[in-house]
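Novice: structure, please.
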Amino acid sequence: MSLVSLLRLRRTFANVFDNQQARVLYAVGLIILLFVVLVVCISLLSGRGQYDAFRVIVLGSLVSAGPSLFLPIVLVICGLTLFLLQRGALNAARTVFVTGVLLAMILLNFLVGENTMQGRVLLGYAVPIVAAGVLMGRTGTLIVTATVLAAILTQALAIALGILNYPPTEPTPAYLPFVFAVFAVSGIMLYVFSGSLRSLLRTTLNLESELRGVVALSRLVGKGATVEALLNETVTLLHEKLGYDHVRIFLVEERSGVLSLAASTGSAGVQLRLPPDSPSAIAEAVRTGKTQHITAESLAARRAELVPAARAELVVPLRVGDESIGALDLQSASDSAFLPREIEALETLATQLALAIRNVRLQAALQLANRTQQDLIEQVRIANREIERLNQEVSGRAWQLYLQSRSEKAISLEWDGNVITPSKRPIRPPARGTHGYAPYVEMREGAQYLVVPIVSRGQALGVMEFRAPDGQLWDERSLELARAIVQRLALSLDNLRLYDQAQTAIMREQVANRVATLLQAKSDVDTLVATAVDAFQQALGAMQTSVRLGLPPSPAPNASLSDGRPEAGADS
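Specialist: Purely as a prediction, here's the structure:
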């Protein structure tokens, strides 16, 4: 590890202002530390003949009447400041540096002064005042300025009472009032300008943090995050980046209208629900749609939601249009929190959060609708496959019955040499692929055959085979043409089957009507039965027809039943 890396500030801070100020303070402290070490070394080397090492190190000066422990104090101050900066304690480092410089200047003026209080060493008091104005706020600058003025008055009073007595020097008229006035004016100016500058920088940093918050929310919405993830990220942002001590987000339940705690700092698993008519500031903000500002001086009922360490609370409603969907509850331990500009920025952030919540909910609802639509599409596909299977089964049975009703159970023809003859080859079922029946080419007996299944309503009825001429191969165009021809053939076959079955049904109905007409014209039972036997025999083509009418005899008590044969009948 090099010397430069050892002397470099390795700690980074939360914002750009603190980071820049820490680096400047670290550099100033390091320079002063090295300068003091260099002065001590030079003093030890150059003053060896006149002064001993103890006086140089402890008294810190080559002058025998020099300020006691001045240089050691500076060494301790600078070393402690650098140590605190490396540990990330910027506020403590500021306080130590300004306080150390102030004590060093007071010590220097009390040890090396003049009875007339007109020495130029008094100008050293400007150093702690300027340091306080740059590094600390208005309160720190005011305290340091007052301490410097009090030290000057104390030193002057001690000289007047004879407590302090310095060697006589040549007086300078009216020097003390001038120095007093200069320091007072300098302190006042630094108090005003440093406070304004810090306030401006703080406002700029707040605006930057708020802008980052809006960007972070937009990124979460763009990533398709859930409402829970969005709220947790917002709570973390407001707590860690913007520095609010306690952050909570409430959402209105759609059915009951109750306010339920959706996200909070340090309250994992805590369930908190507020009724819509609750007197709390959170429920009031949701009801009225207006921001509620609660301080330590507010009524006890309005301070009911304050945590023990909080001194101020701001409840901002989450509104989308005219509808309140929840509330953002922010609490701070500072009484000066939630200034008007800050409230305006938080209201803008709350609006962005409400829109983000609505967008995430709409996106979730859209995804649910898409999943439901996909489920319905899958159900329709399953239903279509089942309908196709049933159609195929029904079509297969219909064709089976149709072919069984013909005298020739199968139809097999061949075309060869412009002559069509019945084929004696066995009918082979067509091959079924992963996507159903499709034409294919196969080699058989040294020749190429194009096999095209005849398919009607998913049911394979047979095949058509085309043998390629010698020296010719079937290509994709041949496959497409064969497929189109077979599709039209299958449609024509199905239509013809339906027509034949309809004609057969009509003929059966005509025969049944004719027999019914003949039977209705008869007036006695014997003639009716004889006519029925003759008509049924002709209609059905039976070789023998029998009609038997009669009732079995009633069984006698304790007698076995008859065999059930009829008593009388007619034969033909």
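
Novice: quick one: which helix or strand includes Arg371?
Specialist: Arg371 is part of helix 340-405, with elements assigned from DSSP states H and E.

Novice: after that helix, next one along is what?
Specialist: Next along the chain after helix 340-405, taking DSSP H and E as the criterion, comes strand 413-416.

Novice: which secondary structure elements does that next one contact?
Specialist: Using 3 or more C-beta pairs under 8 Å, 6 or more residues apart in numbering; DSSP states H and E as the contact criterion, the elements in contact with strand 413-416 are strand 419-422. Glycine gets a C-beta too; all of them are placed from N, C-alpha and C.

Novice: next one: the strand it packs on to chain centre, how far?
Specialist: Between the mean C-alpha location of strand 419-422 and the chain-wide mean there is a distance of 74 Å, by C-alpha atoms, centre = their mean, to the nearest Å.

Novice: in its sheet, which strands sit next to that strand, and in what direction?
Specialist: Paired strands of strand 419-422, with direction, are strand 413-416 (antiparallel) (DSSP bridges).

Novice: I'd like the average pLDDT over the partner strand.
Specialist: Averaged across strand 413-416, pLDDT comes to 72.

Novice: and Arg87, what pLDDT?
Specialist: According to the per-residue confidence, Arg87 scores 85 in pLDDT.

Novice: that one and Val130: what is the separation?
Specialist: Shown here: Arg87 relative to Val130, a distance of 26 Å by C-beta to C-beta, to the nearest Å.

Novice: how deep is Glu313 tucked in, by neighbour count?
Specialist: Applying the criterion other C-beta atoms under 10 Å, we find 25 residues in the vicinity of Glu313.

Novice: ditto for Leu401
Specialist: A count of neighbours around Leu401, defined by other C-beta under 10 Å, yields 11.

Novice: what residues go with each domain of this protein?
Specialist: What the record gives for the chain is the domain set 3-166+176-204, 242-361, 413-515, 522-552+563-571, from automatic domain parsing.

Novice: quick one: which of the ones you listed is nearest Leu368?
Specialist: In terms of C-beta to C-beta, the element of the domains of the chain nearest to Leu368 is domain 242-361, at 10.4 Å.

Novice: where in this protein is the helix or strand with the lowest mean pLDDT?
Specialist: helix 53-54 (a mean of 42; mean pLDDT, DSSP states H and E).

Novice: and the helix or strand just after that helix, what does it pack onto?
Specialist: Sequence-wise, the next helix or strand downstream of helix 53-54 (DSSP H and E) is helix 70-86. Packing partners of helix 70-86 (3+ C-beta pairs under 8 Å, 6+ apart): helix 16-46, helix 90-111.

Novice: lowest average confidence across these, which one?
Specialist: Here those differ in mean pLDDT, and the lowest is helix 16-46 at a mean of 76.

Novice: chain center to that one, what's the gap?
Specialist: The answer for helix 16-46 is 49 Å, by C-alpha atoms, centre = their mean.

Novice: for that helix, packing partners?
Specialist: helix 70-86, helix 90-111, helix 175-222.

Novice: sorry, back to before: got a markdown table for the domains of the chain, with distance to Gln379 too?
Specialist: As requested, the domains of the chain are exported to a markdown table (distance: least, C-beta to C-beta, whole Å):
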| stretch | distance to Gln379 |
| --- | --- |
| domain 3-166+176-204 | 55 |
| domain 242-361 | 27 |
| domain 413-515 | 20 |
| domain 522-552+563-571 | 48 |
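
Novice: what's the nearest residue to Lys290 once chain neighbours are set aside in contact with, if anything?
Specialist: Take Lys290 and drop its neighbours on the chain: the residue closest to it by C-beta to C-beta, 6 or more residues apart in numbering is Pro317, 7.1 Å away. Residues near Pro317 by C-beta atoms under 8 Å, 6 or more residues apart in numbering: 285-286, 288-291, 324, 326-328, 350.

Novice: for Ala542, which non-adjacent residue is closest in space?
Specialist: For Ala542, the nearest residue in space outside its immediate sequence neighbours is Phe536; the separation is 7.2 Å by C-beta to C-beta, 6+ apart.

Novice: still on that earlier bit, for Leu376, which of the helices and strands packed on helix 70-86 is the nearest?
Specialist: Closest approach to Leu376 among the helices and strands packed on helix 70-86 is made by helix 16-46 (54.7 Å; C-beta to C-beta).

Novice: need the three-state assignment for Ala309.
Specialist: The local conformation at Ala309, judged by DSSP: H, G, I helix; E, B strand; the rest coil, is coil.

Novice: same question, the one 5 residues further on
Specialist: When states are read from three-state DSSP, the local structure at Leu314 comes out as strand.

Novice: is it bridged to anything, and to what?
Specialist: Under the criterion DSSP bridges, Leu314 forms beta bridges with His293, Leu330.

Novice: circling back to that earlier point, would you mind giving the helices and strands packed on helix 70-86 as TSV with distance to Ser336 and mean neighbour count added?
Specialist: As requested, the helices and strands packed on helix 70-86 are exported to TSV (distance: least, C-beta to C-beta, whole Å; neighbours: other C-beta atoms under 10 Å):
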stretch	distance to Ser336	mean neighbour count
helix 16-46	19	15
helix 90-111	17	20
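
Novice: how long is stretch 304-323 end to end?
Specialist: Start to finish, the residues bounding stretch 304-323 are 25 Å apart (C-alpha to C-alpha, to the nearest Å).

Novice: same question for it, mean pLDDT?
Specialist: Mean pLDDT, taken over the full extent of stretch 304-323, equals 86.

Novice: sorry, back to before: any idea which of the helices and strands packed on helix 70-86 gets closest to Ile485?
Specialist: With distances scored as C-beta to C-beta, the stretch of the helices and strands packed on helix 70-86 nearest to Ile485 is helix 16-46 (80.3 Å).

Novice: that closest one to helix 90-111, inter-axis angle?
Specialist: 40 degrees (axes from the mean of the first three to the mean of the last three C-alpha atoms, to 10 degrees).

Novice: just give the number of residues close to the nearest residue in space to Ala438 that is not next to it in sequence.
Specialist: Nearest residue to Ala438, sequence neighbours excluded (C-beta to C-beta, 6+ apart): Pro453, at 7.4 Å. Other residues lying near Pro453 total 22 when counted by other C-beta under 10 Å.

Novice: now do the same for Pro453: helix, strand or coil?
Specialist: The three-state assignment at Pro453 reads strand, by three-state DSSP.

Novice: save the helices and strands packed on helix 70-86 as a markdown table, and put in distance to Glu414 too.
Specialist: Formatted as a markdown table, the entries for the helices and strands packed on helix 70-86 read as follows, by distance: least, C-beta to C-beta, whole Å:
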| stretch | distance to Glu414 |
| --- | --- |
| helix 16-46 | 93 |
| helix 90-111 | 101 |
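
Novice: to Gln503, which of the ones you listed lies closest?
Specialist: helix 16-46 (95.3 Å).

Novice: just the element for Ala156, please.
Specialist: Ala156 is part of helix 138-160 when elements are defined by DSSP H and E.

Novice: picking that back up, from the contacts of Pro317, pick the one nearest Ile143.
Specialist: Of all these, the one sitting nearest Ile143 is Thr291; the distance, using C-beta to C-beta, is 35.4 Å.

Novice: got the contact list for that closest one?
Specialist: Applying C-beta under 8 Å, 6+ apart as the definition, the contact partners of Thr291 turn out to be 285, 314-317, 343, 347.
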